[in-house]
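kindly return the folded structure for what I paste below:
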Amino acid sequence: MGMYEDSSGTSATQAEKEEVDSRSIYVGNVDYACSPEEVQQHFQSCGTVNRVTILTDKFGQPKGFAYVEFVEIEAVQNALLLNESELHGRQLKVSAKRTNVPGMKQYRGRRSNPYFGFPTRRPFIPGPAFYPSYGYGRVPRFRRPMRYRPY
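The predicted model follows:
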C-alpha cells in the first residue's frame, strides 16, 4: 500500500517495518467522525506521536480503526494503559501493532455453515431434468433426520 516508504521512494525493508511497528499501536472501535488530530490528542499524554493513520475503505469511508506511531518505544506501553478509554463516547480497544509477515496471508474463505455436510431437502419435482446429478430415471432418496424415539 505504500505506507512504509522513505524519502528516496524505495520500499522499507522488513527490519524497518518491524522497528516502526514496535513503536506503533492498533486502536479499534474508533468513531467514524473522529479525525486523526483528535486521536493524536488522545494519545499525546503517552509520548510524542509521529503519525496517526485512520484506515478507510475503497469509498473513503473510515473502517473504524487506526494506527498510531510514536517516536519512542516506551510510549507504546503507556498507550496500552489507555485500553477501554473513551473517545467520542466510544470505548477504544488499544493493542500493540502486529507486523505483517509477507507470504503469511490468512485464508479468508467462506464462513462455516452449521449445516455443512448435511444434504438439503429439495421439493419433489418429477422428471430427471430437475436432478441432473442423480442420472436418468433416478430420484434422490431423502433421509429423515435421526430422532430419538423411546418406543
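
and the closest residue to I73 other than its chain neighbours, how far is that from L80?
Using CB to CB, 6 or more residues apart in numbering and skipping the chain neighbours, the partner closest in space to I73 is R23 (5.3 Å). In short, each C-beta sits where N, CA and C put it, glycine included. According to CB to CB, to the nearest Å, R23 and L80 sit 13 Å apart.

more neighbours, those two?
Neighbour totals were compared for R23 and L80, and R23 leads with 20 against 13 (other CB atoms under 10 Å).

which neighbours do R23 and L80 have in common?
Counting by CB atoms under 8 Å, 6 or more residues apart in numbering, R23 and L80 have no shared contacts at all.

quick one, strands of the protein?
In the chain, the strands defined using DSSP state E lie at 24-28, 49-56, 62-70, 86-87, 90-91, 93-96.

give me the sheet partners of the fourth one and which way each runs.
When you say that, I think you mean strand 86-87. Strand 86-87 has the following strand partners under DSSP bridges: strand 90-91 (antiparallel).

so for the strand it pairs with, mean pLDDT?
For strand 90-91, mean pLDDT is 94.

what sits up against it?
Strand 90-91 is contacted from outside by 29-31, 84-85, using CB under 8 Å, 6+ apart.

also stretch 20-35?
Residues contacting stretch 20-35 (CB under 8 Å, 6+ apart): 4, 12, 39, 43, 50, 54, 61-62, 64-73, 75-76, 79-80, 87-99.

mind checking which of those residues are buried?
The neighbour-count test (16 or more other CB atoms under 10 Å) marks 39, 43, 54, 62, 64, 66-70, 75-76, 79, 87, 92, 94, 97 as buried among these.

export the strands of the chain to a markdown table and tack on distance to S35?
Putting the strands of the chain into a markdown table (distance: least, CB to CB, whole Å) gives the following:
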| stretch | distance to S35 |
| --- | --- |
| strand 24-28 | 13 |
| strand 49-56 | 8 |
| strand 62-70 | 10 |
| strand 86-87 | 11 |
| strand 90-91 | 14 |
| strand 93-96 | 18 |
